[in-house]
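Only the shape, not the letters, is given here:
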């Protein structure tokens, strides 16, 4: 492997890891902080990708907006969907057994898949990269790297910094961390934990949907795309430590490196390497890399 190829694979691993973090951070909020096993989280990623495909012509035709306008519309819509889903379904699951959570969220997967099939169909769709992000940066004489992939990494890094600031420097972050530890104590202080959880859930849905929207131009939009990312996101949450956002970031970057370089160096075993990594880390630290926070 020459230097240019190594550099491309490093950039690919970082971009894939950061995108995984964006999806997994939403799962960390819902699963780690709220205690709900949400198998439908991958469906929110799929919904985001289909919104990138379906909203772009609508936004362009109605308000004349471009890529960022589409992202903004999609984010607002995903927050509304997340808020309504928490109110209608997930608010009844906090005190239920995990089996009931699994059954209901699996049912939501079937509902979302059927709605997708009815409304859009089962074809594979492509989403165009914005013209101003369609270029590439040369790496050596024969290789180049797409600017759009660098844009994905930049968006994920900006959101990671924003989440760190919210969790560690704001009153909202303090309430979220306290609510994940002692729900009754937070309520006794006069904080409506139901409304707090509702907004946390909506934020988790929005993060997954945003990941789907920005990933659509590089991964295409196809049925079942949420199911593939869901399993890896659970691995990220378990490795990083349930409820830990910084743990999810480190775990996602590790998985991105193992998966990317595994496909190049050990293509026959690439699909197993991330689970070997998970087993090794859990043998070393059974609770994951970090505690919640």
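That came in fine, so what should we check first? Computed from a prediction, not measured in an experiment: that's the story for all the values here. Residues are numbered from 1 along each chain as shown.

got the contact list for stretch 270-285?
With contact meaning Cβ atoms under 8 Å, 6 or more residues apart in numbering, stretch 270-285 is reached by 232, 235, 238-239, 254-255, 258-259, 262-263, 266, 288-289. Where you see a C-beta, it was placed from the backbone N, CA and C, and this is true even at glycine.

tell me the mean pLDDT over stretch 84-102?
Mean per-residue pLDDT for stretch 84-102: 90.

buried residues in it?
With burial defined by 16 or more other Cβ atoms under 10 Å, the residues of stretch 84-102 counted as buried are 85, 86, 90, 93, 101.

Closest one of those residues to residue 113?
Nearest to residue 113 among these is residue 85, at 15.5 Å by Cβ to Cβ.

Contacts only, for the closest one.
Counting by Cβ under 8 Å, 6+ apart, residue 85 has contacts 108, 201, 205.

does it sit in a helix, a strand or a coil?
Under DSSP: H, G, I helix; E, B strand; the rest coil, residue 85 falls in the helix class.

coming back round to it: which one of the contacts of residue 85 sits in the busiest neighbourhood?
Compared across these, residue 205 has the highest neighbour count, 30 neighbours, by other Cβ atoms under 10 Å.

Make sure it is actually in contact with residue 26.
Yes - counting by Cβ atoms under 8 Å, residue 205 touches residue 26, with 6.6 Å between them.

between the two, what contacts are shared?
Shared contacts of residue 205 and residue 26 (Cβ under 8 Å, 6+ apart): residue 44.

buried set for the strand or helix carrying residue 165?
Here residue 165, judged by DSSP states H and E, is contained in helix 147-169. Buried residues in helix 147-169, counting neighbours by 16+ other Cβ under 10 Å, are found at 148-153, 155-156, 159-160, 163, 166-167.

and what of stretch 33-46?
Within stretch 33-46, the residues that qualify as buried are 33-46, counting by 16+ other Cβ under 10 Å.

Can you get me the start-to-end distance on that stretch?
Stretch 33-46 has an end-to-end distance of 23 Å (criterion: Cα to Cα, to the nearest Å).

average pLDDT across that stretch?
What stretch 33-46 shows for mean pLDDT is 90.

Centre of the chain to it, how far?
Here stretch 33-46 is found 10 Å from its chain centre; the criterion is Cα atoms, centre = their mean, to the nearest Å.

same check, this time on stretch 112-128
20 Å.

what about that stretch, how long is it end to end?
24 Å.

Also stretch 130-148?
Terminal residues of stretch 130-148 lie 8 Å apart, using Cα to Cα.
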